[in-house]
Every structure is written in C-alpha cells, then in structure tokens.
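Colleague: with the input below, show me the fold.
(chains A and B)
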Amino acid sequence: MAKKKRTIRSIPQERAPMPVQEPQQRIKNFDEVALGFTLEDALVECARCLDCPEPACVAGCPVEIDIPGFIMKVADKDYRGAYDILSEANLLPAICGRVCPQEDQCEGVCPVGDTLEPVAIGRIERWVGDQAIENNWSRRPHIESKGIKVGIVGSGPAGMACAADLAKAGCSVTVYEALHEPGGVLRYGIPEFRLPNETVDAEIANLVNLGVEFECNTLVGRLFTIEQMLDEMGYSAVFIGSGAGAPKFMGIPGETLNGVLSANELLTRCNLMQAGKFPQYDTPLHLGRRIAVIGAGNTAMDAMRVSLRMGADKVFCVYRRSEAECPARLEELHHAQEEGIEFHWLTAPIEILDDGDGNVRAMRCVRMELGEPDESGRRRPIPIEGSEYEFETDMVVYAIGTNPNPILGQTSRLKLNKWGYIETDENLATSMAGVYAGGDIVTGAATVILAMGAGRRAARSIKNYLAIRDSETIYHPQPVGAEGQLFGIDLAERNFARLRLG
Amino acid sequence: MSGFPIVAREDFSDTTFLLEVHHPVLAKAAKPGQFVIVMTHAKGERIPLTIADFDRSKGTITLVIQAVGKTTREMQANCAAGTELFGLVGPMGEPSHIGEARKVVCVGGGLGVAPIYPQARGFKESGAYVIGVVGFRSRDLVFWEDKFRAVCDEFIICTDDGSAGIKGLVTEGIKQAIETHPDIDEVVAIGPPIMMKACAETTRPHGIRTVVSLNPVMVDGTGMCGGCRVKVGGRMQFACVDGPDFDGHEVDFDDLMNRLRRFAEDEQIALQRWSDSCRQKISVAGADGEA
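Modeller: Okay, here's the model as predicted:
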C-alpha cells in the first residue's frame, strides 16, 4: 500500500502541546514538570515528520539515531519496532528525550522548522522510551563473549553509553562509580522534576541486562590506579568518563561564609542524599530564605528550581550578561520564569557580606553593561562605575562552571592539557596505550548527550584497538581463499559495504 | 561494592570506639594521612573519617570514632562485629608526605590520637626519630599506649588532670620536645581545629614545619561538591583532593571553625529526634516487658 507523500502543507501545522504541571502547583513538589505525551499526542507529532530522504536530524544527533525510522514506526503503530530502532543507537531514550538540548541538535536542523515549529523529536523519543520502561521492553541482542575485560571509570552518561556499546560487542564490562549509587550527573545533578530517579534506574537496569557490572563505592585513582587496572587487574582497555568535577568560585571576599555553596553541593544534597526529607534522611541542606544563584546555565536553573521546591521564600538569578546571552535551554529558562524566579540580568557580585556571625547577610553587586564581543563571540560585560549596591540574600549558590577534577592527574601518568583536562586525540585515545577518555573530563562541562556521543566514539576506538570486529562490518565465515588475501589480510574486510538484510 | 563487614569493635571510653572493617583492596591501597567516607545505612549521611590503621595481611582498615552527633552515636549504638557498613569509599586525599624529615614530633589529641598512629609508624619505617605526643582528658581514656610506644622513640602522654603523663595540653608536650631536641624537622598534628591551631602557634616562633590534617564537612569527598573548601595561605583549597594535609602555619583555622558550625542547628535537630526515638523504643520495650 503506497503511502501518500507528506508535504509541509499536508502535515499537522501545530505541534502537539506538551502537557505540563501548572507552575503554582509544581513549585510545591518534585514531580516531573513535563508530564509527557499521550499516545494521541505522539501520533499527531509523528504525522508531522516529512521522512526526508537525507534526514538532517540524523546528522544533527550526536549519537546518530535513525530518527525518521523510529518516528515512522510509531506512525505505523509499531511501538516496539520504534523502540528497537531507537535503542540500536541510544540505549537511554527515556533520559535523552528529557534532557537533550534538541533545539540545538536534531530539532534545530529539522526542515519542518523552516516554516513551522520543528517536529518535537525529543518528546516522541521520550514517549517511546517511557513505553519501553512501562512495558518492560528490553533489547538483549545476541552477544558472543570475547573474553576481553574493559573497565570504565564513572557511571555517568559517557560511561553508560560506552559500556552499552562494548557490552554489545561481547566485552566483559565493569563500570566503577565513586558514589554509593550509579548514574553520575543523572543521579546527583539533574533534579527529579526533570529526570526522575526511577527513569535512571530503569535505564541502568537495561545495561545490567546487557551484562554490564556496576561497582559503586570505588574511587578509581585512589583505590587502584589506571595503571593497576591494565597491569594487575586484567583490563585490556579502560575508558575514563569521570566528569568535570570541581566547582568554580569567583575568588571574591566572603566565599567561605556559611550560606555560600556550589550548585553541585546543593543538587547533590537534594538529589542524591534526599536533603528534602531531612531529618528522615540524615543529610541536611540548611536552606536560606532569599537565595541568590550566580550564573544562568542549565545547572543554575536546576539549582534555582530546586531551592524553590525546598521552600525558599524568594529565589533570584544573578547573571553578568543579559537574557540574550543566557546559556540555559530556552525551555528551562521559561519554566524558571513561570515559577516566579526573579532574574537580575547584567548584575555581578563583588563581595559577600557577613552577618557578624559567619553567615551570609547580603552581597555587594555591581551593574554591568555589554561592550564589544569577546573571544566567545558574546558581548563582554563591563562593570558600570559607581553602580554598586547591596543585594539582600542569606544563601549564595555558585553555578558558574567547573574546573577539572584532579584525582586521575594526581594518581596516573595520563597527560593533561594546559587547563588540566585529559588530553586525547580525535579518536579519544589518551597518552596511555589502551586508555580512552571522553565527556566532561576531556571537554569541560557540556551536556549529557555530548558525553554519550563521546562514550560511543570511544567505544568504537576501543573496539578498533582490541581488534573487535564492529557489528556494522560484515563477517564472512568462509575464508575466501588465497586470491582474497594480501599479506595474510582478508581483502574482503577492507572495503566492506553496509548491507541491509530483509 | 557494597556491604562492608565489621570484623571487630573495641570501646575505649563511653564516647570513643574502634571499628575494624574488612576491605582488602582498601587496606592494600591506604597510606598514612588518607581518609574514607562512610555511610551507615541507605538514608544516612556521608561522613569523612581518617583511616586510623590498616592491616594489609588481614585485609582490614581501622576507624576510630567519637560519638558526638547523630550519625556517630547511631554507629556507637548499632555497629558491632558481624554487622555491615552500607557504604565505604576511599582511600581519599593525598597521602601524607613521609620523606626526608629525620626527627619528627607526631601529635594527636581527641579524635586525632588514632589517625596520628599510622603517621608515626610511617615515619619510624622511613628511619626517622619519632617523638609521639598524645593528649587525653584523664588516665582512664588513654588507649593504644603500647602501639605508640612500639613505633615511637619517645612517647609523651598529656592529660588535662595530670592523672597520666604530664599535666596540660598537647602543646605542653610539644614545648617539652622542642626544649630537649633543638633539631626537630617537622611536627605533624591531628586533632580538633582548636588544638591544631594551638600546635601551629607553638611551633611558629621556632620556624618548625608543621603539618595539620583538616576534616571539614564534605559530601562526596571526590572534589565535586566544594563543601570542604578551606583557606590556606589566602587561597581556597578543597580539603578532599588538595589535602587533607596542609601547612599549619598557613591555614585559616578561624574560618575552618566557623565552617564547621554550618549545620549546627540541623545537627541538633537530628540528634534530638534520634535520642527521642531511642527513648521511645526503650519505653515501648519496657511496656512490653510489663505486659
């Protein structure tokens, strides 16, 4: 049955709206803000995909998901088929559908977006991912054990993506995590109202199903070194995805006062340690009443919205540039605005003031204006002389980025770059043979999906290094004879073509 | 890894007790000066504890705990040989630098008595002349005297009431050591911040290098949260990855002591709630007994 070709005129013109919790209600709970598509919403949205012959979205995706492929399966009501296509490239669709910056990736290049709103690829992806969790779908491809051990440092998105690909290639994969629960930033960083812990658990269960082992409470570098993993523990290769780590402070007076903390600390206390349930849980937060968050990236938005839900009277965003330069996802910024966060653009703190008892009383701030563009291409903020004023606050949260974590540099011979991140080549190989690295520990703070993309690229490099035939290459079980060989190398392996069977 | 078996417990006083925990890999990796983070149960907090000893042949590490807050009192009540710790991760922090110093004073007070032991042993093994100085409130609280005597060339006990050794604080012991030995290369002091501050002030006029081990509030212990930041020589440092050892003459102890009060109110709430629930349990058990 031939299908009628879809055109920009024939598809539904409006995006299916995403059901959300109302702002006044959601600031009182940690339940998800975006409730997710219904089946009807998903079908409407799938009908908006033009199924382009050369899909720009696939090229725009860091893990190259066959996006039109899975969308067409949903449109055909073959939901399981959609999940199978999706999970071929991305084992964590329920996570990526929620936290990827799709507007800069797949949706940013979707041709529908030239005239209308682009296809809401992320929301469809999330719907399929949630269906998989709900119906307990999992993909356990046939895995032939190669008897090769690979160790992975860090159980965040980079490590998880790398683990998935290597496990599918038949490696015995062990993922080491320093905290007491796996998931890395997905667990300690991203709050429950954006990514429920249950979703993270479900996606980790998928990896366990592939044979991946998780070892928590293990600080690699200190408990054993990368060198020991290779020399003594029998690992043939190691992937490092340990994340960016150390939070930045500004170096202004008053930063060690009580009431000043990093967004990492605030989020870890709330997400991982459940400080919201103190004293049933033992970890306190000691929330202030008027909370000023410095910075306007996604982490800042998370810190502000968590503070609000923990019961703060008033939450402020203090950012030295203007709204136009705000680095957070637009959706996050909108959600924060709807929830009543007060934004103070073009404002920078220069001192944090003491209440006389070692706690924060206020900040001294200065107003800024924008000058010429700097090396980042954004207009440089310049302090306005004589504009200093006092900003009343009793808790100051820094969300201005991170410095590299020093532990692996302190404990191994790995070469670091001048900023202290791990140096790699284009294949993510480090200065030590058999050791690969990717994600924030290489690039500095970035996104979950970029870390996952790096994890997959590193997995490809590790397979090459270990001479594991990639599942994409075609394997000839019969030797092709002497003519087919050159210096003992099977020529058929050199220029393989990708075949689709069936 | 999870579920770390406690193989032995010893009580030194009504507040101080020792736990020996089986973790062969950790015992193999641990070096003097490092610490671990412990979680007693899934709803517990992560608390840093200095490694007081490690036995590589037995595959165990030793922690000495002072029951002062909710978590440590709960440990005192619940942790026994045969039970398990929910979480144990480490060794964390840069190991102490045990190197060229030929004559060393190792000072421990309060919570710091136990963790100064592996340092004293480390220095002894490196061939240094070791003078141990430890402080207790009174004679009946003294522990590990034999262990210390076995690794120290001289050993000075200081008690507040003079019931054992010399009467006075550990600074008196340091002064005595400096008087008899003009050639001391290094002093290592572990204990409450107020004690370490006093030690640093005692050695400052003599220009003797003084290393202190800081134990501020932390969450992850891996450099990620920044809760453990301390001021050293005017610069901000993270005790968990840059320390825990720092130059005592450079540390801003007043800032550290202020930061240790950060959760004072919450700690009080947690402790009160816990003691109430313990009393309730006891009264319920009592009522059952009568019925």
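Colleague: neighbouring contacts of the helix or strand encompassing residue A:315?
Modeller: If you go by DSSP states H and E, residue A:315 is part of strand A:314-318. Contacts to strand A:314-318, defined as CB atoms under 8 Å, 6 or more residues apart in numbering or on different chains, come from residues A:289-296, A:300, A:304, A:307-308, A:336, A:340-344, A:347-349, A:363, A:365, A:391, A:393. The C-beta positions use only the backbone N, C-alpha and C, and glycine is treated the same way.
Colleague: who does that strand pair up with?
Modeller: Here strand A:314-318 has these sheet partners by DSSP bridges: strand A:290-294 (parallel), strand A:342-344 (parallel).
Colleague: okay if I get the ones you listed as CSV plus mean neighbour count, distance to residue B:117 and mean pLDDT?
Modeller: CSV is the format used below for the strands paired with strand A:314-318 (neighbours: other CB atoms under 10 Å in any protein chain shown; distance: least, CB to CB, whole Å; pLDDT from 0 to 100):
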stretch, mean neighbour count, distance to residue B:117, mean pLDDT
strand A:290-294, 26, 43, 96
strand A:342-344, 16, 53, 95
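Colleague: closest one to residue B:70 among those strands?
Modeller: Of all the strands paired with strand A:314-318, it is strand A:290-294 that lies closest to residue B:70, at 25.8 Å by CB to CB.
Colleague: isn't residue B:25 right next to residue A:225, touching?
Modeller: No. With contact defined as CB atoms under 8 Å, residue B:25 does not reach residue A:225; the gap is 12.0 Å.
Colleague: mind checking which of the two has more residues around it?
Modeller: Shown here are residue B:25 and residue A:225; by other CB atoms under 10 Å in any protein chain shown, residue A:225 has more neighbours (19 against 14).
Colleague: pLDDT of stretch B:258-275, averaged?
Modeller: Stretch B:258-275 carries an average pLDDT of 86.
Colleague: ok now that stretch, how far from the chain's centre?
Modeller: Averaged C-alpha coordinates place stretch B:258-275 at 20 Å from its chain's average position (CA atoms, centre = their mean, to the nearest Å).
Colleague: can you give me the helices in chain B?
Modeller: Using DSSP state H, the helices of chain B run over B:24-29, B:70-78, B:113-125, B:145-151, B:170-180, B:193-203, B:239-242, B:253-260, B:264-290.
Colleague: which ones are touching residue A:420?
Modeller: A:403, A:404, A:406, A:409.
Colleague: what is the nearest of those residues to chain B?
Modeller: The closest of the contacts of residue A:420 to chain B turns out to be residue A:406 (CB to the nearest CB; 5.4 Å).
Colleague: near the residue lying closest to that closest one once chain neighbours are set aside, how many other residues are there?
Modeller: Distances taken as CB to CB, 6 or more residues apart in numbering or on different chains put residue B:241 closest to residue A:406, at 5.4 Å, once the chain neighbours are dropped. Residues near residue B:241, counting by other CB under 10 Å, number 22.
Colleague: and residue B:241, how far from residue A:403?
Modeller: Separation of residue B:241 from residue A:403 (CB to CB, to the nearest Å): 11 Å.
Colleague: common neighbours of those two, please.
Modeller: Common neighbours of residue B:241 and residue A:403 (criterion: CB under 8 Å, 6+ apart): residue A:246.
Colleague: quickly list the domain ranges of chain B.
Modeller: Domain assignment for chain B by automatic domain parsing gives B:4-92, B:103-261.
Colleague: now render those as JSON lines, adding distance to residue A:266.
Modeller: Below are the domains of chain B laid out as JSON lines (distance: least, CB to CB, whole Å):
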{"stretch": "domain B:4-92", "distance to residue A:266": "15"}
{"stretch": "domain B:103-261", "distance to residue A:266": "9"}
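Colleague: so where's the stretch 1-150 of chain B uncertain?
Modeller: Residue ranges of the stretch 1-150 of chain B with pLDDT under 70: B:1.
Colleague: show me what from it comes close to chain A.
Modeller: B:1-2, B:4, B:25-26, B:29, B:34, B:39, B:43-46, B:70-71, B:86-92, B:94 (CB under 8 Å from any CB of the partner chain).
Colleague: do that again at 10 Å, thanks
Modeller: Taking CB under 10 Å from any CB of the partner chain as the contact definition, the stretch 1-150 of chain B meets chain A at B:1-4, B:23, B:25-26, B:28-31, B:34, B:36-37, B:39-47, B:69-71, B:74, B:85-95.
Colleague: what ranges do the strands span in the stretch 51-200 of chain A?
Modeller: A:149-153, A:172-176 (DSSP state E, counting those that start in this stretch).
Colleague: any idea how many residues pack against the nearest residue to residue B:216 once chain neighbours are set aside?
Modeller: Once flanking residues are discounted, residue B:216 sits nearest to residue B:228: 4.5 Å by CB to CB, 6+ apart. Look at residue B:228: counted by other CB under 10 Å, it has 27 neighbours.
Colleague: and if you look at residue A:93?
Modeller: Residue A:93 has 28 neighbours, counted by other CB under 10 Å.
Colleague: thought residue A:123 was touching it, still the case?
Modeller: No. Applying CB atoms under 10 Å as the test, residue A:93 and residue A:123 come out as separate, 11.5 Å apart.
Colleague: do you know how far residue A:228 is from residue A:222?
Modeller: Residue A:228 sits 11 Å away from residue A:222, taking CB to CB as the criterion.
Colleague: name the residue in those two with the higher neighbour count.
Modeller: Neighbour count, other CB under 10 Å: between residue A:228 and residue A:222, residue A:222 has more, with 28 against 18.
Colleague: which ones are touching that one?
Modeller: Contacts for residue A:222 (CB atoms under 10 Å, 6 or more residues apart in numbering or on different chains) come out as A:178, A:407-408, A:410-411, B:26, B:29-31, B:34, B:36, B:89-95, B:221-222, B:241.
Colleague: go through stretch A:37-57 and flag the buried ones.
Modeller: By neighbour count on 16 or more other CB atoms under 10 Å in any protein chain shown, the buried set for stretch A:37-57 is A:37, A:41-50, A:55, A:57.
Colleague: go on, stretch A:352-367?
Modeller: A:352-354, A:358-367.
Colleague: just stretch A:7-25 next, same as before
Modeller: Buried residues in stretch A:7-25, counted by 16+ other CB under 10 Å: A:11, A:15, A:16, A:18, A:21.
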